[in-house]
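Colleague: the amino acid sequence is not available; the structure is as follows:
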C-alpha cells in the first residue's frame, strides 16, 4: 500500500487512508509529519491485523490504551477536560488494573472495579465511568484492532438513583438573597450580588450555570437569548419572561462583553459560602433548573418546554426535571376545568 499524499487544509496538512474498510485520518502542521504518521499507522495496523489472525496477544497495557484514546479521540471532543480527569483518575486510583495487558483484563476484573467504585461514588458517576471505559475498549476493538471483543459488554451497569426532585421554596430564595445582601430590582455590583442575580436568572430561564456565565451581550435580544454553545452541542434560543428581561436590564453596564463578569469557580465558591450561612440544607445551584422547569411547565406545553430547556429527550425532561407538587397539579387541573 502506498503512503497517501497529505493535502493542505488552510494552514494545516491532512492525511487520510482506508485500510480493511476503515478510514483513518489526522491533521499536522507540516506535510512531513503527516506522511510519517501515515506510514507508522499503516505498518502498525497491518502488524496488528496479522497478530490477531495468528492468535497472538496484543502487547499493550490498559494504561497505554487509555492514554492513546485520550490523545486520538478525547482531545477532539467538547468535553475533553472531563474525560482527561476521569481517565487519569482511573489510572492513578487503579494502577494494578491499568498495568495489565488489555488481553488479560477479565470481566471479573471490571466487575471488581465497578463494585469498588460503587462504594465510593454515586451510581450515576459509576455509569459515566463505565460508558467511558467501554468506549475505550470499543476503540481497541473497532479502530486499533487490538481486541476481538469488548469485555465491558458483559458488565452490568449499576441502577440509577431516583431522580433528584429538590424544589426551592420562596423562603429559601429570600434567605439566599439576604445572605448575598441583594434585593430584587437592585443592580448587582459585588460578587455576592452577581451570584444572587445568577440564582434568580436561572430560576426564570432554566439555564445552566455555565450558560449564564458564558452569556455575551451580542447574544441577547429583546425577548430571547441565543446560546451558541450548549451542553449537547447545538444552538438554543431561550425565550424570556418579563422578569428575566428586567434582570438583564439591571446587568447592563457591568461589562462591555459579558452579561455577568463572574468566573465559574467564583460563583461556585461564593454560592457554597452563602448556603453555609443559612439554614438551607441539601441544595445545589443546578436545583434551579428543576425549579424553573416545574414553574415553566405551568405556562407551556411539554414540546415548547423542551425547546426552552434544550432537552431532546422529553422523557428525561418529564422524569428528571419536572417536579410539581400534588397541589400544583390540582390547581392546574381545576384551572382548566
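Modeller: Alright, I've got the coordinates. Predicted model, so just to flag it, every value in this text is computed and none were measured.
Colleague: in which helix or strand does residue 41 reside?
Modeller: Element membership for residue 41, per DSSP states H and E: helix 31-54.
Colleague: can you mark which positions in that helix are buried?
Modeller: 31, 34, 35, 37, 38, 41, 42, 45, 48 (16 or more other Cβ atoms under 10 Å). Quick note: C-beta positions are derived from backbone N, CA and C, even for glycine.
Colleague: quick one: contacts for residue 215?
Modeller: By Cβ atoms under 8 Å, 6 or more residues apart in numbering, the contact set of residue 215 is 225, 227, 258, 259, 260.
Colleague: of the residues you listed, which is the most crowded?
Modeller: Highest neighbour count within these, by other Cβ atoms under 10 Å: residue 259, with 23 neighbours.
Colleague: wait, it touches residue 217, no?
Modeller: Yes: using Cβ atoms under 8 Å, residue 259 is in contact with residue 217, at 6.2 Å.
Colleague: which secondary element of the chain has the worst mean pLDDT?
Modeller: helix 314-316 (a mean of 66; mean pLDDT, DSSP states H and E).
Colleague: next secondary structure after that helix?
Modeller: Toward the C-terminus from helix 314-316 - assigned by DSSP H and E - lies helix 326-336.
Colleague: give me every residue that touches residue 5.
Modeller: Each residue near residue 5 by Cβ under 8 Å, 6+ apart is listed here: 15, 35.
Colleague: which phi and psi does it have?
Modeller: Reported as degrees, to the nearest 10, the phi and psi values for residue 5 are phi -90, psi 130.
Colleague: for residue 42, see how far away it is.
Modeller: Separation of residue 5 from residue 42 (Cβ to Cβ, to the nearest Å): 13 Å.
Colleague: point out where the protein drops to low pLDDT.
Modeller: By pLDDT under 70, the weakly predicted segments of the chain are 51-57, 232-233, 311, 313-323, 329, 333, 336-337.
Colleague: break it into its domains for me.
Modeller: Listed by automatic domain parsing, the domain ranges of the chain are 7-54, 62-154, 170-336.
Colleague: can I get these in CSV with distance to residue 161?
Modeller: As requested, the domains of the chain are arranged in CSV below (distance: least, Cβ to Cβ, whole Å):
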stretch, distance to residue 161
domain 7-54, 39
domain 62-154, 5
domain 170-336, 11
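Colleague: good, wrapping up.
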